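Q: here is my input, please return the structure:
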Amino acid sequence: MVSTAALGDATTQLVQGLSPEECARVQHALDYAAAAYGERTLASHQNAFEFSLGVAGTLAYLRSDAETRIAGLLFELAMFDPAIVETLEQLFGSEVATLVRGVQQLIRLRDLTVAQPVLGRGKNAAQEAAAHIETLRKMLLAMASDMRVVLVRLSSCATMLRWFAEQKRFDDTTRDYGREVMDLYAPLANRLGIWQLKWELEDLSFRFLQPDTYKRIARMLEEKRMAREGFVQSSIDRLEGELKSAGIKAEVSGRPKHIYSIWNKMRGKELDFSELYDVRAFRVIVPDVKTCYSVLGLVHNIWTPI
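A: Numbers count the residues shown, from 1 in each chain. Here you go, the predicted structure:
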């Protein structure tokens, strides 16, 4: 079981940004989930309650509402016992129950369709496979009348991939799961503009699809990690100072580009890692389009475009 201390840490994370009433509801769901999951494990052999904590924690990080976080905690219970949804509705309300049912439907749709072979040979095979995947994406979105359902499903994919990475597990299961996430769910995250999950889903999937290439790029990035992080922070500080001087209110963030993105650029432009200049990315969020162009001009004044 998860320790009391771990539960305390989980509670702190899961209720961030919520009102006192919402915090109490999430705490109630957390206590219920801890007892209801017990020692159950998933097919991946991960403890089911720890998995649900990972899903709900991801949803909290994404600043989702209380109902979505509660659904993230509880939907696996419904996968073990579909009849429990009625109990969940009585305890946590119809909104949570509807979200849980929606996640169930997405997972069932995946089970029914992903395993079906795509027929075709030669040149048509790749086109038919791509069309099949696109059809699945559209079906998933069509079935999820509430986009929070998709958000829960994406968070569960990220949590599962993290578990595989933590266990350093590389086998047919992790490779197949990585392929499914790369083909189906990472593009959904991109389409919905959930960048944080998109980047993580792509990197973790890539880790299992091409482990040697992933490790090689990760090693090259790690060799200059301190210098890269220092550059990112100093650039953020400088840009924030320039924006303040210009009277522009903005939220600035920066990060090293993720591994899958770097590999895509190396592959697409046939470049070596040493030839890449844009292994860092910055984001400036402003309230309107006019200010966006003002910031772009300011950025070009600081750093001359290549």
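Q: and residue 74, what does it touch?
A: Residue 74 is in contact with 29, 32, 33, 36, 52, 88, 92, 96, 100, counting by Cβ atoms under 8 Å, 6 or more residues apart in numbering. For the C-beta atoms, the positions are set from N, CA and C on the backbone; glycine is no exception.
Q: now do 6 Å
A: Shown in contact with residue 74 (Cβ atoms under 6 Å, 6 or more residues apart in numbering): 33, 88.
Q: what's the pLDDT at the closest residue to residue 63 other than its chain neighbours?
A: In this structure, residue 63 finds its nearest non-sequential neighbour in residue 17, 5.8 Å apart by Cβ to Cβ, 6 or more residues apart in numbering. On pLDDT, residue 17 comes in at 91.
Q: what's residue 17 sitting at in phi/psi?
A: With angles defined as degrees, to the nearest 10, residue 17 sits at phi 80, psi 0.
Q: neighbours of it, how many?
A: The local packing of residue 17 (other Cβ atoms under 10 Å) involves 11 other residues.
Q: residue 21 now?
A: Residues within reach of residue 21, counting by other Cβ under 10 Å, total 8.
Q: tell me which residue is most central in the protein.
A: Nearest to the mean C-alpha position of the chain, by Cα atoms, centre = their mean, lies residue 197 at 2.4 Å.
Q: and the residue sitting furthest away from the middle of the chain, what does it touch?
A: For the chain, the residue at maximal distance from the C-alpha centroid (Cα atoms, centre = their mean) is residue 245, at 35.4 Å. Contacts for residue 245 (Cβ under 6 Å, 6+ apart) come out as none.
Q: contacts only, for the residue nearest to residue 92 when sequence neighbours are not counted.
A: Counting by Cβ to Cβ, 6+ apart, residue 92 lies nearest to residue 70, which is 5.6 Å off, once chain neighbours are set aside. Residue 70 makes contact with 29, 92, 96 under the criterion Cβ under 6 Å, 6+ apart.
Q: list the buried residues in whichever helix or strand residue 70 is part of.
A: Assigned by DSSP states H and E, residue 70 belongs to helix 66-80. Using 16 or more other Cβ atoms under 10 Å as the test for burial, helix 66-80 gives 66-78.
Q: can you give me the buried ones in the helix or strand just after it?
A: Moving toward the C-terminus from helix 66-80, the next helix or strand (DSSP H and E) is helix 84-92. By 16+ other Cβ under 10 Å, the buried positions in helix 84-92 come out as 84, 85, 87, 88, 89, 91, 92.
Q: gap between the helix or strand just after helix 84-92 and the chain center?
A: Toward the C-terminus, helix 84-92 is succeeded by helix 94-113 as the next helix or strand (DSSP H and E). Relative to the centre of its chain, helix 94-113 is centred 18 Å away, using Cα atoms, centre = their mean, to the nearest Å.
Q: how about low-confidence regions in the stretch 151-300 of the chain?
A: In the prediction, the stretch 151-300 of the chain carries residues with pLDDT under 70 at positions 222-229, 255-257, 265-281.
Q: what comes up buried for the host helix or strand of residue 296?
A: Assessed by DSSP H and E, residue 296 sits inside helix 289-302. Under the neighbour-count criterion of 16+ other Cβ under 10 Å, helix 289-302 has 291, 294, 295, 298, 299 buried.
Q: reformat those residues into TSV and put distance to residue 239 next to each item.
A: As requested, the buried residues of helix 289-302 are exported to TSV (distance: Cβ to Cβ, whole Å):
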residue	distance to residue 239
291	14
294	13
295	9
298	8
299	7
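Q: kindly indicate which of the residues you listed lies nearest residue 220.
A: residue 299 (26.6 Å; Cβ to Cβ).
Q: quick one: neighbours of the nearest residue to that closest one once chain neighbours are set aside, just the number.
A: Leaving out its chain neighbours, the residue that sits closest to residue 299 by Cβ to Cβ, 6+ apart is residue 239, at 7.1 Å. For residue 239, the neighbour count with other Cβ under 10 Å is 20.
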